[in-house]
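*Asks:* Below is the structure, and that's it, no one-letter string:
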């Protein structure tokens, strides 16, 4: 039986989530990758236990995580809750989502009340939980009235199936409307979960400012650009890596020759700063005051601990940020 480390809260830093009572760890663990069929239950346990021992209290899931076996990540997480982690349930902050394609037919996708309600019920069954701490709408639905989608989220809170709700992948104007509708229904939007990293900065064009003004927290996924902002791909795409697997988007999305040049320059800059490229990328995302937490994936305990080092890293100076911006714009080089 797993026994959590007694000193688990001594090194992690926590930050208030918007204008709420919730504190989240600056680093949270996402179960998008590595918690489906890729690793054994024992390997998954090792990562989860180490995360909790390091003060990571927030575990982020979705109904479709574990692909190609959709739902497998929740199922595996439920198995580990039942055998070990469940005794610490009150110390855990667990999230799940619905919005992407999950089951066949017209009711297994997007943002209808029917889909969201049914999906959360199935997620709770897979995890063996009575409630989740936060339930997200995973992406905006261009056809379902937003009042229906947000109404379902509000009712889920009122039914006690989620303590809080959030949205993910919403642009600034969509997010503003969703937050307003939820507020009118008496249920605040606790969190927005956007993709944000050095290679994708759209959230800086109004979304982060909106979230701060509305008192909504921000937890960023893909801060390492699905592994592109690590030293993994500097010399090309290694066999067995995520980018080499079928059905993954990291290569197409991030690993163009232009981006690889930027990644190599960023890596050189990180080394001179005494960090790995992954640590630099996390430090860069966490520099924004609007960001409550970053979601990382981890394929091993060692990778998890390497990422944790950012908590003690010095903040980026204005001069360093200017060098990074120049690299990302493709002007100058990392030796400036």
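*Replies:* Good, I have the coordinates. On a predicted model such as this, the values are computed, not experimentally measured, just so you know. Numbers count the residues shown, from 1 in each chain.
*Asks:* ok, how many other residues are close to residue 25?
*Replies:* For residue 25, the count of nearby residues is 23 (other Cβ atoms under 10 Å). Heads up, the C-betas are built off the backbone N, CA and C, glycines and all.
*Asks:* contacting residues around it?
*Replies:* 12, 13, 14, 55, 56, 57, 58, 293 (Cβ atoms under 8 Å, 6 or more residues apart in numbering).
*Asks:* among those residues, which two are most distant?
*Replies:* Of all pairs drawn from the contacts of residue 25, the one with the longest distance (Cβ to Cβ) is 13 and 58, at 12.9 Å.
*Asks:* Mind checking which of the two has more residues around it?
*Replies:* More neighbours surround residue 58 than the other of residue 13 and residue 58, with 25 against 14 (other Cβ under 10 Å).
*Asks:* Any idea what the spatially closest residue to the more buried one that is not a sequence neighbour is bridged to?
*Replies:* Closest residue to residue 58 apart from its sequence neighbours, by Cβ to Cβ, 6 or more residues apart in numbering: residue 28 at 3.8 Å. Under the criterion DSSP bridges, residue 28 forms beta bridges with residue 295.
*Asks:* what about residue 28, distance to residue 93?
*Replies:* Applying Cβ to Cβ, to the nearest Å, the value for residue 28 to residue 93 is 8 Å.
*Asks:* Now do the shared contacts for the two.
*Replies:* Taking Cβ under 8 Å, 6+ apart as the criterion, residue 28 and residue 93 both touch 58, 59.
*Asks:* per-residue pLDDT, the residue nearest to residue 58?
*Replies:* Reported pLDDT at residue 28 in the predicted model: 98.
*Asks:* repeat for the one 10 residues further on
*Replies:* We note a pLDDT of 91 for residue 38 in this prediction.
*Asks:* cool, residue 156 as well?
*Replies:* pLDDT at residue 156 comes out at 98.
*Asks:* residues in contact with the nearest residue to it once chain neighbours are set aside?
*Replies:* Spatial nearest neighbour of residue 156, excluding adjacent residues (Cβ to Cβ, 6+ apart): residue 162 at 5.0 Å. Residues near residue 162 by Cβ under 8 Å, 6+ apart: 120, 131, 132, 133, 134, 135, 153, 156.
*Asks:* quick one: residue 162 from residue 19, how far?
*Replies:* Residue 162 is 19 Å from residue 19, by Cβ to Cβ.
*Asks:* Tell me where the chain is predicted with low confidence.
*Replies:* 238-249, 251, 331-336 (pLDDT under 70).
*Asks:* ok, back up a step: does the residue nearest to residue 58 touch residue 297 like I think?
*Replies:* No - the criterion here is Cβ atoms under 8 Å, and residue 28 misses it with residue 297 at 10.6 Å.
*Asks:* Now for residue 269: which residues touch it?
*Replies:* 280, 320, 323, 324, 327, 334.
*Asks:* Give me the neighbour count for residue 319.
*Replies:* 9.
*Asks:* hmm, back to that, inside strands: which ones of the contacts of residue 25?
*Replies:* Judged by DSSP state E, the contacts of residue 25 include 14, 58, 293 as members of strands.
*Asks:* so the second one makes contact with residue 95?
*Replies:* Yes - counting by Cβ under 8 Å, residue 58 touches residue 95, with 7.2 Å between them.
*Asks:* Please point out which parts of the helix or strand harbouring residue 268 sit buried.
*Replies:* Using DSSP states H and E, residue 268 maps to helix 257-272. The neighbour-count check on helix 257-272 (16 or more other Cβ atoms under 10 Å) flags 259, 260, 262, 263, 264, 265, 266, 267, 269, 270 as buried.
*Asks:* gap between the fourth one and residue 318?
*Replies:* In this structure, residue 263 and residue 318 are 23 Å apart, going by Cβ to Cβ.
*Asks:* what's the answer for the fifth one, then?
*Replies:* According to Cβ to Cβ, residue 264 stands 24 Å off from residue 318.
*Asks:* mind listing the helices for the stretch 201-336 of the chain?
*Replies:* With DSSP state H, counting those that start in this stretch as the criterion, the stretch 201-336 of the chain has helices at 207-214, 250-254, 257-272, 277-286, 301-308, 318-329.
*Asks:* Single out the most deeply packed of those.
*Replies:* Stretch with highest mean neighbour count among the helices of the stretch 201-336 of the chain: helix 277-286 (a mean of 23; mean count of other Cβ atoms under 10 Å).
*Asks:* other SSEs contacting it?
*Replies:* With contacts taken as 3 or more Cβ pairs under 8 Å, 6 or more residues apart in numbering; DSSP states H and E, helix 277-286 sits against helix 257-272, strand 293-296, helix 301-308.
*Asks:* how about the closest residue to residue 55 other than its chain neighbours, what does it touch?
*Replies:* Nearest residue to residue 55, sequence neighbours excluded (Cβ to Cβ, 6+ apart): residue 12, at 2.7 Å. With contact set as Cβ under 8 Å, 6+ apart, residue 12 has these partners: 25, 26, 27, 54, 55, 56, 57, 311.
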